[in-house]
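> Have a look at this prediction, sequence included:
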Amino acid sequence: MESSDSHLDHVVFATGSGGTAAGISLGLSMAYQSMGKSCPKLHAVGVCDNPDYFYNTMASIANEMGASLDTTADQFIREAVAVHNGKGRGYALSTEEELDFISQFSLETGIALDPVYSGKALYHFVKHVVENDVESYRDKHILFWHTGGALGIYEKGNDLLLKFSEMSPVKRIDAYGSNGVKETPN
């Protein structure tokens, strides 16, 4: 961030409760302010509720933290962060398109995204935000902040494995039998 030729235009992350989103939003805004630089546009993609819920929750957290702001916490959050609706079918519910995107992303990048938080958020940001306003994002430096959610992979493990087997040129070899369980001799 300190190099004169490096900068971020957008920072994107998932939000499920609003806590991480509040921390990232306040932390980055204050850090950039202390350096005398303008903060990148922040994008929180809500995976389980509507944007107003997240704006209110983040403002409430900022107030509880006693954040020293030049304006009200609500106004600050609404100016600093664009909250996008990325809940799709609902919390921890995936569409075929989301699972296809997550699987393809993993195959192309080697980065595993879960279908509950990060994968769902990136899918909705790319498919519903960027694709609806391509010119605003063309040639921009965009950081997607992978905030975790790896345990969400287990819930959709079989669905994702099926997607991988359909997409990947690599085929699994069942070395232990039809159930993938190694038999032990008696």
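Nice, thanks for sending it over. Residues are numbered from 1 along each chain as shown.
> contacts and neighbour counts: CA atoms only from here.
OK.
> Flag the shaky bits of the protein, pLDDT-wise.
Residue ranges of the chain with pLDDT under 70: 1-5, 151-157, 160, 164, 168-173, 177-186.
> Okay, helices next: where are they in it?
Under the criterion DSSP state H, the chain carries helices at the ranges 19-34, 51-65, 73-80, 96-109, 118-124, 134-137, 152-155, 157-167.
> for the ones you listed, which one sits closest to Gly86?
helix 118-124 (5.3 Å; Cα to Cα).
> Let me see the residues that make contact with the closest one.
Contacts to helix 118-124, defined as Cα atoms under 8 Å, 6 or more residues apart in numbering, come from residues 13-14, 45-47, 85-87, 94, 98, 101-102, 113-114, 144, 146-149.
> Please indicate which of the residues you listed are buried?
Among the contacts of helix 118-124, the ones that count as buried by 16 or more other Cα atoms under 10 Å are 13-14, 45-47, 85-87, 94, 98, 101-102, 113-114, 144, 146.
> May I ask which two of those residues are separated the most?
Based on Cα to Cα, the longest span within the buried ones among the contacts of helix 118-124 runs between Ser94 and Phe144 and measures 20.1 Å.
> hmm, back to that, ranking the helices of the chain by burial, who's on top?
Comparing the helices of the chain on average neighbours per residue, with mean count of other Cα atoms under 10 Å, the densest one is helix 118-124 at a mean of 27.
> Put the alpha carbons of it into CSV.
This file holds the C-alpha atoms of helix 118-124, laid out as CSV (Å, rounded to 0.1, in the frame of the first residue of the first chain):
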residue,chain,number,x,y,z
SER,A,118,-16.4,-16.6,0.2
GLY,A,119,-17.5,-18.6,-2.9
LYS,A,120,-21.1,-17.3,-2.8
ALA,A,121,-19.8,-13.8,-2.3
LEU,A,122,-17.3,-13.9,-5.2
TYR,A,123,-19.9,-15.5,-7.4
HIS,A,124,-22.5,-12.8,-6.7
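> so Val83 touches Pro51, yeah?
Yes: the pair Val83 / Pro51 is scored as a contact, 5.4 Å apart, by Cα atoms under 8 Å.
> nearest to Lys41, of the helices of the chain?
helix 73-80 (6.9 Å).
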